[in-house]
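Colleague: this is the structure alone, sequence omitted:
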Ligand SMILES: C[S@@+](CC[C@H](N)C(=O)[O-])C[C@H]1O[C@@H](n2cnc3c(N)ncnc32)[C@H](O)[C@@H]1O
C-alpha cells in the first residue's frame, strides 16, 4: 500500500466535493445529534447563554444552540471551512472562518464552548483546548465529543462478511491513527485532556446502539471509505467491499462510540 499523501495537520476531508461532504456531515448529525443534545441539555444550556461552537461542520448543533439560547443569547460558529454554515441566517448566530490551531479567539467571552469530532484530527490538541478554555468566562463550561472506532464490530457472526469486516476495520483504524490521519481511539482519553487543561468538575458519558448497513451511521462510514482509499490507508478492493457491506441492510454492527467529556473553567 502507498504512503499517505496528506500532511499531518491538514483536515482529512478538506478537499472532498460539496455534495458528498454535505451528505457525510448530515449522516454524522443524524447519528449523533440526539446524544449531543442530551448532553448539552444535561449540563444546563439555556436562554441567554453565549456559546462558541468550534468546527461547526454542517451546523445542526449551532442551530440547536441558537434556538435554545434565544435572541438574548448568542452563538459564534467557527470552522476552517464555512461552506455549509455560511447561510445559516439566524440573528443570534455569527459564522466565522477560523482555524482553532492558529487563529486568535476572544478571551473570557463565552459561557459554553462545544466541539464534536474535532480534536481527533489534531496532534496539537492541547493548543486547541487551551484556546477554547481561555475563551470561556470563569465558571464557563467546555464540552467535547470525540470518537472511539475500536467499538466497530460485526454483531451477527453467521453473516458471511462479519469476520472480514472486523479484521479490515480494526487494521484500517489502527493505520489511520498510526499515520496521524486522525486519532481513531481518542474518545475515552478526553477527560484526562480536560483535566490537564486545568478544568474542574469533569464529567463524561458515551453511547452505543445497533447499527445496520444502509442506515445513517453506515452512510457516514461508507462515504469516508473513498477518502481513506485516496489517502493510501485502504486498498481499492477493500474500499469497494466495505462500501457494499455498509449498504447491506442485513449486516448489523456496533457503531463507533462517541464519548462526551465536560469540565468547568475555574473561577
Ligand atoms: C468530522 S467534522 C464534524 C463537524 C461537526 N462538528 C459535527 O460533528 O457535525 C470536523 C469539522 O472540523 C472542521 N475543522 C477541521 N480542522 C479544523 C481547524 N483547524 N479549525 C477549525 N475547524 C476545523 C472541519 O472543517 C469539519 O467541519
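Modeller: That came through fine. Values in this document were obtained by computation on a predicted structure and should not be read as measured data. Residues are numbered from 1 along each chain as shown.

Colleague: use CA for all of it now, contacts and neighbours both
Modeller: Fine.

Colleague: phi, psi of the residue in the stretch 101-250 of the chain positioned nearest to the ligand?
Modeller: Using Cα to the nearest ligand atom, residue 116 is the residue of the stretch 101-250 of the chain that sits closest to the ligand, at 4.3 Å. When read as degrees, to the nearest 10, the backbone of residue 116 gives phi -140, psi 130.

Colleague: up against the ligand, what does the protein have?
Modeller: Residues of the chain lying close to the ligand (Cα under 6 Å from any ligand atom) are 11, 25, 28-29, 55-58, 79-81, 98-101, 115-118.

Colleague: and the strands in the stretch 51-200 of the chain, which stretches?
Modeller: Ranges of strands in the stretch 51-200 of the chain, per DSSP state E, counting those that start in this stretch, are 74-79, 93-97, 110-116, 136-148, 153-154, 200-207.

Colleague: not counting its neighbours along the chain, what's nearest the spatially most central residue of the chain?
Modeller: By Cα atoms, centre = their mean, the chain has its centre lying nearest to residue 117, at 1.6 Å. Nearest in space to residue 117, with sequence neighbours left out and distances taken as Cα to Cα, 6 or more residues apart in numbering, is residue 146 at 4.9 Å.

Colleague: show me the contacts for the one you found.
Modeller: Residues near residue 146 by Cα atoms under 8 Å, 6 or more residues apart in numbering: 116, 117, 118, 119, 120, 186, 187, 190, 258, 259, 260.

Colleague: JSON lines for those residues, including pLDDT?
Modeller: Formatted as JSON lines, the contacts of residue 146 follow (pLDDT from 0 to 100):
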{"residue": "116", "pLDDT": "98"}
{"residue": "117", "pLDDT": "98"}
{"residue": "118", "pLDDT": "98"}
{"residue": "119", "pLDDT": "98"}
{"residue": "120", "pLDDT": "98"}
{"residue": "186", "pLDDT": "98"}
{"residue": "187", "pLDDT": "98"}
{"residue": "190", "pLDDT": "98"}
{"residue": "258", "pLDDT": "98"}
{"residue": "259", "pLDDT": "98"}
{"residue": "260", "pLDDT": "98"}
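
Colleague: in helices, which of those appear?
Modeller: residue 190 (DSSP state H).

Colleague: tell me which of the contacts of residue 146 is nearest to residue 134?
Modeller: residue 119 (16.3 Å; Cα to Cα).

Colleague: isn't the closest one right next to residue 125, touching?
Modeller: Yes: at 5.6 Å, residue 119 counts as touching residue 125 under the criterion of Cα atoms under 8 Å.
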